[in-house]
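Novice: here is my input; please provide its structure:
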Amino acid sequence: MSRRSDLSPEDRRIWARVTGSVTPAKPKKAPRIAIGAVEPDPPAAPHPTKSPKAKRPVAVVTPPAPQPQRTRGLPEELEPRRQRRLSRERDPIEAKIDLHGYGRFQAQDALTGFLLGAQARGYRSVLVVTGQGRRGGTGVIRASVHEWLQSPTLRTVVSGFAPAARHHGGDGALYVTIRRS
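Specialist: Alright, predicted model coming up:
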């Protein structure tokens with residue numbers, strides 16, 4: 001391990017860029033305290049000579065109220081009628097992305113960017129071509145695309161997906177329907 005004084009000028013420059021790009025975490029809010037709330041005393045055996053104790057105010061800590069979150073359900077399988085309309089091109093396929101030649105992570109980034117852009121343009125349905133995989137097996141991208149479409153990042157974008165018809169790529173492609181923004 002080297003000490004900070006042993007860093008070269010190049011290492012110091014890089015370290016300065018890294019520390020300059022980091023923002024400190026926001027402090028968490030303190031829990032709310034209800035002052036004046038009264039907590040009942042446990043029942044005690046009555047003493048005839050003593051007067052009953054007066055209840056005194058006790059601070060009660062209540063957790064903060066949960067923030068309302070707008071969560072979307074997982075994308076579902078397309079309705080058969082919608083899938084049939086897409087396969088017969090009665091509902092237009094407004095955009096297409098071909099993930100051939102991408103690595104796993106590059107394909108995920110490309111798919112996420114493509115779907116977010118398609119939603120921003122107001123598209124309703126797109127075609128995602130993943131490919132069959134090598135030597136008849138399931139490819140890495142094809143095996144992962146279902147998980148990507150159901151991820152929290154794309155949950156607000158994708159409303160459903162289904163395998164494409166043979167003339168659109170068959171098992172190596174998916175119809176994806178997009179939510180309105």
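Novice: can you list the low-confidence ranges for this structure?
Specialist: 1-5, 24-76, 78, 133-138 (pLDDT under 70).
Novice: this structure: strands as residue ranges?
Specialist: Here the chain has its strands, by DSSP state E, at 32-34, 60-62, 76-77, 95-98, 125-129, 158-163, 173-178.
Novice: most tightly surrounded among these?
Specialist: Among the strands of the chain, strand 173-178 has the highest mean neighbour count (mean count of other CB atoms under 10 Å), at a mean of 24. C-beta: built from backbone N, CA, C; applies to glycine.
Novice: arrange the strands of the chain in CSV, one row each, with distance to Ala118 as further columns.
Specialist: Below are the strands of the chain laid out as CSV (distance: least, CB to CB, whole Å):
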stretch, distance to Ala118
strand 32-34, 43
strand 60-62, 44
strand 76-77, 18
strand 95-98, 5
strand 125-129, 5
strand 158-163, 10
strand 173-178, 6
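Novice: so for Trp15, which of those strands sits nearest?
Specialist: strand 95-98 (38.8 Å; CB to CB).
Novice: neighbouring contacts of that closest one?
Specialist: By CB atoms under 8 Å, 6 or more residues apart in numbering, the residues outside strand 95-98 that reach it are 110-111, 114, 118, 121, 123, 126-129.
Novice: which of the strands of the chain sits closest to Arg13?
Specialist: When those are compared by CB to CB, strand 95-98 sits nearest Arg13, at 38.8 Å.
Novice: hey, C-alpha coordinates of that closest one in PDB?
Specialist: The C-alpha coordinates for strand 95-98 follow below in PDB (Å, rounded to 0.1, in the frame of the first residue of the first chain):
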ATOM      1  CA  ALA A  95     -39.200   1.200 -35.000                       C
ATOM      2  CA  LYS A  96     -36.800  -1.800 -34.900                       C
ATOM      3  CA  ILE A  97     -33.500  -2.500 -33.100                       C
ATOM      4  CA  ASP A  98     -31.200  -5.300 -34.100                       C
END
